[in-house]
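In: this one's structure only:
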């Protein structure tokens with residue numbers, strides 16, 4: 001297990017290094033932030049001084065290695081737009097995206113897996129057919145359209161829930177969280193539903209397919225022959241058999257949602273990482289874009305490592321293989 005962890009850490013370092021080089025070169029190619037930083041009416045002297053201040057007059061490779069050297073010490077530079085350290089800026093936005101992602105992915109999993117298992121266990125029942133129709137709707141309807149419909153229905157017409165923003169927050173371990181206040185929870189409901197709909201549909205279909213396949217295995221047949229109740233068969237045997245693909249998809253969806261909740265955060269004006277990267281791209285805020293995309297790569301590496309380690313807990317054969 002120790003050798004496996006060392007191998008994954010080395011792989012992670014190489015991936016982050018390659019990602020930083022690709023992102024830095026790509027961001028360099030998309031535009032000149034000087035056009036955003038200073039007024040078009042600025043003199044050539046002011047323009048030249050600003051270029052020299054930010055180091056844009058140096059070769060690309062020199063700029064990259066300067067950035068990399070600072071990044072290794074935790075310094076990702078200063079945001080051009082917000083005029084504050086990039087690391088502190090990203091950390092200030094991370095809790096908003098993290099709590100929204102957890103609410104969406106956990107909600108989708110806790111509702112979708114039981115419904116999918118029932119749809120696979122009783123595929124011909126009317127309720128199962130209704131569940132599958134709901135999953136098709138979740139796959140088919142665009143996220144931005146669902147968000148607009150939710151705002152129009154529950155915020156504009158009914159007035160039950162706020163249309164956007166994060167609401168009131170409360171501190172926990174020095175970090176501000178919305179779920180700790182009633183107002184914050186109300187602001188979370190609509191964006192969390194909008195973000196969870198596709199994941200909900202995915203979990204339903206994955207759990208249904210896995211359950212239908214697992215019901216035909218010898219494990220389930222022997223469990224039934226032993227006189228175990230159907231509830232015990234489903235919870236103790238079928239759920240364990242389908243757990244690995246569910247955990248894999250949960251990890252991937254958690255990572256992708258945490259990194260790319262851009263549409264939902266923009267529609268609902270949720271002040272998270274997705275909205276930050278959109279604003280940074282619009283204003284060509286290079287340090288924020290590079291640091292954000294490196295953070296995304298790191299997120300996926302850590303999540304994939306956690307998923308791999310969870311396999312050993314779910315399947316004893318994998319523990320023996322790694323031992």
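Out: Great, that's in hand. Small disclaimer: the values here were computed from a predicted structure and weren't measured.

In: mind listing the strands for the chain?
Out: 170-172, 175-177 (DSSP state E).

In: pLDDT on the first one, on average?
Out: In this case it means strand 170-172. Strand 170-172 carries an average pLDDT of 86.

In: highest mean neighbour count out of the strands of the chain?
Out: Ranked by mean neighbour count, the strands of the chain are led by strand 175-177 with a mean of 16 (mean count of other CB atoms under 10 Å). Just so you know, the C-beta spots here come from the backbone N, C-alpha and C atoms, and that holds for glycine as well.

In: what are the contacting residues of that strand?
Out: 95, 99, 169, 170, 171, 184 (CB atoms under 8 Å, 6 or more residues apart in numbering).

In: nearest to residue 237, of the residues you listed?
Out: Ranked by distance to residue 237 (CB to CB), the contacts of strand 175-177 are led by residue 99 at 34.3 Å.

In: count the neighbours of the closest one for me.
Out: Residues within reach of residue 99, counting by other CB atoms under 10 Å, total 22.

In: that one and residue 180 touch, don't they?
Out: No. Counting by CB atoms under 8 Å, residue 180 is not a contact partner of residue 99; they are 9.4 Å apart.

In: want to try a markdown table for the contacts of strand 175-177, with distance to residue 83 as columns?
Out: Converted to a markdown table, these look like this (distance: CB to CB, whole Å):
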| residue | distance to residue 83 |
| --- | --- |
| 95 | 21 |
| 99 | 27 |
| 169 | 23 |
| 170 | 28 |
| 171 | 25 |
| 184 | 28 |
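
In: from those residues, which single one is nearest residue 201?
Out: residue 99 (22.3 Å).

In: ok, that closest one - contacts?
Out: Here residue 99 is in contact with 177, 178, 179, 188 (criterion: CB under 8 Å, 6+ apart).

In: isn't the third one right up against residue 103?
Out: Yes. Applying CB under 8 Å, one finds residue 179 in contact with residue 103, separated by 7.2 Å.

In: okay, and the common contacts of these two?
Out: Contacts common to residue 179 and residue 103, judged by CB under 8 Å, 6+ apart, are residue 188.

In: helices of the stretch 151-300 of the chain, residue ranges please.
Out: 182-214, 218-225, 230-232, 239-241, 243-259, 262-267, 273-282, 286-314 (DSSP state H, counting those that start in this stretch).

In: can I get these in CSV including distance to residue 111 and mean neighbour count?
Out: Shown next, in CSV, are those (distance: least, CB to CB, whole Å; neighbours: other CB atoms under 10 Å):
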stretch, distance to residue 111, mean neighbour count
helix 182-214, 6, 22
helix 218-225, 24, 13
helix 230-232, 19, 11
helix 239-241, 15, 16
helix 243-259, 13, 19
helix 262-267, 18, 21
helix 273-282, 23, 20
helix 286-314, 21, 19
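
In: between those helices, which gets nearest to residue 21?
Out: Closest among these, using CB to CB: helix 286-314, at 10.2 Å.

In: quick check: closest non-adjacent residue to the residue nearest the centre of the chain.
Out: Centroid-nearest residue in the chain, with CA atoms, centre = their mean: residue 258, separated by 1.9 Å. Among residues not flanking residue 258 along the chain, residue 101 sits closest, at 4.6 Å (CB to CB, 6 or more residues apart in numbering).

In: residues contacting the closest residue in space to residue 249 that isn't next to it in sequence?
Out: In this structure, residue 249 finds its nearest non-sequential neighbour in residue 206, 5.8 Å apart by CB to CB, 6+ apart. If you count contacts by CB under 8 Å, 6+ apart, residue 206 has them with 116, 242, 245, 246, 249.

In: likewise for residue 112?
Out: 199, 200, 201, 202, 203, 204, 207.

In: and these, which is closest to residue 265?
Out: residue 199 (15.8 Å).

In: how near is the closest one to residue 175?
Out: 25 Å (CB to CB, to the nearest Å).
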